[in-house]
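Visitor: predicted structure and sequence below. I'll ask about it afterward.
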Amino acid sequence: MKVGELARRTGVSVRTLHYYDEIGLLCPSLHSASGHRVYGARELTRLLQIRSLQQLGFSLRDIRDMLGKRAHSPLRVVEMRLARAKEQIASQQQVCDRLEALAASMRSRTVTVDQLTQTIEVMNMFEKYYTKDQLEELKQRADALGEQGMRKAENDWATLLAEVRAEMEKGTDPSSPEVVALARRWRALIEAFTGGNPEIEKSLRTMYQSEPVHEKIGGTPVPGMMAYIGRAMGSLQ
């Protein structure tokens, strides 16, 4: 088939197919009498490998090297993509579990729009920054705490964040005894959340740095909070 038909049937744009040809990633072996590219079964198989490897996170340069060295057969690439699809299904099941828990909370008490949006925001970030094993460990800890324990932890965080914000707005030095005491409480809450697992704490730190969710209180941004409390953390003994 010609490039236009291939683009229509696969959803890969003509421009992308031309680019693949230019960089030597997908070069059709045949051309029509008028010079148009003609794609056959071999090219379709290679295109499947390219798109599958892209969805697995490989760059075009890596894919070209891998396919050039025949590091992965078409079957191996399909198996890799299948494994990723199964992981995504498992991840979606976890999302379902969280939505069921949210629905249960909504049935028992009123949930505000801010609570809903923040729940969705945090849920998406958790899926992005934590591994399946880490999410399962966090879920087990949450189950052990129960609804009352989880609510207390949420209230403890909300109270602490409000106090940190108040000190920031007053211009209190982060190394002052008042703010250092807040940093000590912050550290204790993090340790309670991570259970002392250094890998979970590393994921948490990455999430904070990339998407500082704790710089929002009631949907109101509080820029600089993480840097402020971080300076206070440096004063802890």
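Guide: Done, it's in.

Visitor: CA only for contacts and neighbour counts going forward, please
Guide: Will do.

Visitor: now the strands for this protein?
Guide: 30-31, 37-38, 216-217, 220-221 (DSSP state E).

Visitor: who touches the first one?
Guide: When contacts are taken as Cα atoms under 8 Å, 6 or more residues apart in numbering, the neighbours of strand 30-31 outside the stretch itself are 37-39.

Visitor: try it again at 6 Å.
Guide: Outside strand 30-31, the residues that touch it by Cα atoms under 6 Å, 6 or more residues apart in numbering are 37-38.

Visitor: sheet-wise, list the partners of that strand with their directions.
Guide: In the sheet, strand 30-31 lines up against strand 37-38 (antiparallel) (DSSP bridges).

Visitor: now for residue 236, how many residues are close by?
Guide: 12 (other Cα atoms under 10 Å).

Visitor: which one is it nearest to, not counting chain neighbours?
Guide: Nearest non-adjacent residue to residue 236, counting by Cα to Cα, 6 or more residues apart in numbering: residue 180, 6.7 Å away.

Visitor: burial count for residue 7?
Guide: Neighbours around residue 7, by other Cα under 10 Å: 16.

Visitor: gap between the spatially most central residue of the chain and residue 147?
Guide: Closest to where the C-alpha atoms of the chain average out (Cα atoms, centre = their mean) is residue 128, at 1.5 Å. Per Cα to Cα, to the nearest Å, residue 128 is found 24 Å from residue 147.

Visitor: in the longest helix belonging to the chain, what counts as buried?
Guide: Longest helix in the chain, counting residues (DSSP state H): helix 132-170. For helix 132-170, a neighbour-count test (16 or more other Cα atoms under 10 Å) marks 134-135, 137-138, 141, 153, 157, 160-161, 164-165, 167-168 as buried.

Visitor: listing request: residues of the chain with sub-threshold pLDDT.
Guide: By pLDDT under 70, the low-scoring segments of the chain are 70-72, 88, 91-92, 94-95, 97-99, 101-102, 105-106, 108-127, 209-223, 237.

Visitor: how's the protein carved up into domains?
Guide: The record's domain split for the chain, according to automatic domain parsing, is 3-72, 142-233.

Visitor: show me the one of the ones you listed that comes nearest residue 86.
Guide: domain 3-72 (12.6 Å; Cα to Cα).

Visitor: mind checking the end-to-end distance for stretch 66-77?
Guide: 11 Å.

Visitor: what lies in contact with that stretch?
Guide: With Cα under 6 Å, 6+ apart as the test, stretch 66-77 has contacts from residue 49.

Visitor: quick check: phi and psi at the residue of the chain most remote from its centre.
Guide: Centroid-distance maximum for the chain: residue 33 at 48.7 Å, with Cα atoms, centre = their mean. Residue 33 has phi and psi values of phi -60, psi -30 when expressed as degrees, to the nearest 10.

Visitor: return the distance of it relative to residue 68.
Guide: Taking Cα to Cα, one finds residue 33 at 28 Å from residue 68.

Visitor: do residue 170 as well
Guide: Counting by Cα to Cα, the gap between residue 170 and residue 68 amounts to 62 Å.

Visitor: again, but for residue 206
Guide: Residue 206 is 35 Å from residue 68, by Cα to Cα.

Visitor: residue 236 too?
Guide: In terms of Cα to Cα, residue 236 sits 54 Å off from residue 68.

Visitor: ok, residue 195 next?
Guide: Residue 195 is 46 Å from residue 68, by Cα to Cα.

Visitor: now do the phi/psi pair for the residue nearest to residue 7 when sequence neighbours are not counted.
Guide: If the residues on either side of it in the chain are set aside, residue 7 comes closest to residue 13, at 5.2 Å by Cα to Cα, 6+ apart. Per-residue torsions, residue 13: phi -70, psi 160 (degrees, to the nearest 10).
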